[in-house]
Every structure is written in C-alpha cells, then in structure tokens.
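**Q** A structural model of the following input is requested.
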Amino acid sequence: MSPRYYVSTVILVAVLTLSISVWKQKQTGGEIFVVMMKVIFVLALLVGGIFGLAQGLAFLGVAQSGFFL
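**A** The predicted structure follows:
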C-alpha cells in the first residue's frame with residue numbers, strides 16, 4: 001500500500017479523536033486515549049465489515065474477486 005493511505009488514516013483518526021474529545025469534553029490524556037482506541041476499533045470494524053462483505057459477494061459469485069480494491 002502507498003504511504004499516503006497510512007498518512008490519511010492517521011490524520012482521519014487524529015481529527016476524529018480530537019473532535020470527539022472536544023465534543024465530549026475529555027481533557028486528560030487517559031480519557032483522550034480511550035476515545036482514540038474507540039475510534040480505531042470502530043474504523044477497523046467498518047473496514048473489516050466492508051472487506052468481509054466484498055469477500056462474501058466474491059465467494060457467492062455476485063461480484064468479481066478483488067472488486068473492493
């Protein structure tokens with residue numbers, strides 16, 4: 001994968017973490033870390049779900065293999 005995807009993912013996680021931390025009025029490092037872990041978990045869940053759906057559709061013959069990429 002290209003480094004730009006990693007950089008864009010880090011920026012997305014940072015912006016979401018800071019936005020949610022300000023919105024929920026989290027101020028300590030520990031609270032912000034918990035918010036960051038939740039953001040990473042939800043993003044991983046979304047990407048995993050989409051990837052799993054793509055693999056399932058490819059297995060069933062509805063879509064071509066690798067259409068997710």
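
**Q** any weak-confidence spans in this protein?
**A** Residue ranges of the chain with pLDDT under 70: 1, 66-69.

**Q** Return the residues in contact with the spatially most central residue of it.
**A** Geometric centre of the chain, nearest residue: Leu43, 2.2 Å, by C-alpha atoms, centre = their mean. By C-beta atoms under 8 Å, 6 or more residues apart in numbering, the residues touching Leu43 are 9, 12-13. All C-beta atoms are positioned from the backbone trio N, CA, C, and that covers glycine.

**Q** Let's see which of those end up in helices.
**A** Per DSSP state H, helices hold the following members of these: 9, 12-13.

**Q** quick one: Val15 and Phe41, what's the gap?
**A** 17 Å (C-beta to C-beta, to the nearest Å).

**Q** And whichever strand or helix holds Ile32, what's buried?
**A** Taking DSSP states H and E as the definition, Ile32 sits inside helix 29-60. For helix 29-60, a neighbour-count test (16 or more other C-beta atoms under 10 Å) marks 32, 35-36, 39, 54 as buried.

**Q** Check those and tell me the two furthest apart.
**A** Ile32 and Ala54 (32.9 Å; C-beta to C-beta).
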